[in-house]
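1. Quick check, what structure comes out for this input:
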Amino acid sequence: MGGDKPWRALGGKALVERVADWALAQSDCVALALRDRHQAPALELPVVLDRHSGIGPITALASAFDFAETKACDYVLMVGCDQPFLPTDLLSHLGSEIGNAAAAVPVSNGREQPMATLWRTDSESLAKYIDDGGQSLRRFAKDVGAKFVDWDADEDPFFNANDQHALALAERRLKSAVR
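-> Numbers count the residues shown, from 1 in each chain. Predicted coordinates for the structure are as follows:
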């Protein structure tokens, strides 16, 4: 959808505002990872800027790890602004499943969901992965020994409103849920 994706409206509310509200219901330690400051919404949340450019969401994880370390947090739950239907029990369920693993990755309908993953904060391993040319969240999760957690749901809670067609589907799904 382009660089203004966080500001696309769904049900009269920006995607980024929806996910920020969801995140704040999960934790009081929430930050937004953005490519650049002009994307920052008018939300009262800390903003962490990506250190790397052009390598995708892996750089947001690096920013999240940096933020978590300043707050002495052992874990990061990273979610995308374009995931408007995340389950309310995502953090608690993944937290109960992570055990000694480096991450707990939900798997819905046979698809791994690295953009809705609970990560054990490990800036050193991630920096090495990125320095070695790594860009894939999925590959990083496998490399560090993530646990993959089956997620049962009738409708995909990890639905990604990543383009105009998907956003229109999300709008219809939201309207049908309100009825």
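2. Give me the neighbour count for A177.
-> 10 (other C-beta atoms under 10 Å). (Each C-beta comes from the backbone N, C-alpha and C, glycine too.)
3. cool, S92 as well?
-> 12.
4. Can you pull out the residues in contact with the lengthiest helix in the chain?
-> Taking DSSP state H as the criterion, the chain has its longest helix at helix 164-178. Helix 164-178 has contacts (C-beta atoms under 8 Å, 6 or more residues apart in numbering) with 1, 8, 10-11, 84-85, 155, 159-161.
5. Now rank the residues you listed by neighbours and give me the top one.
-> A161 (25 neighbours).
6. Correct me if wrong: it contacts P84.
-> Yes: A161 is in contact with P84 according to C-beta atoms under 8 Å; the separation is 5.9 Å.
7. shared neighbours of these two, anything?
-> Both A161 and P84 are contacted by 10, 15, 170, under the criterion C-beta under 8 Å, 6+ apart.
8. Which residue ranges of the chain form helices?
-> Secondary structure of the chain (DSSP H): helices at 15-26, 58-70, 90-97, 123-131, 137-143, 164-178.
9. Make TSV from those and add mean pLDDT and distance to Q113 to it.
-> TSV is the format used below for the helices of the chain (pLDDT from 0 to 100; distance: least, C-beta to C-beta, whole Å):
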stretch	mean pLDDT	distance to Q113
helix 15-26	92	14
helix 58-70	94	14
helix 90-97	97	10
helix 123-131	96	18
helix 137-143	97	9
helix 164-178	91	15
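10. Quickly compare these and say which is most buried.
-> Among the helices of the chain, ranked by average contacts under mean count of other C-beta atoms under 10 Å, first place goes to helix 58-70 (a mean of 20).
11. Figure out how far that one is from the centre of its chain.
-> Computed by C-alpha atoms, centre = their mean, to the nearest Å, the chain-centroid distance of helix 58-70 equals 12 Å.
12. Same question for stretch 108-124.
-> 8 Å.
13. Quote the end-to-end distance of that stretch.
-> Length of stretch 108-124, first residue to last, C-alpha to C-alpha, to the nearest Å: 29 Å.
14. Tell me which residues of it come out buried.
-> 108, 112-122 (16 or more other C-beta atoms under 10 Å).
15. Nothing else from me, thank you.
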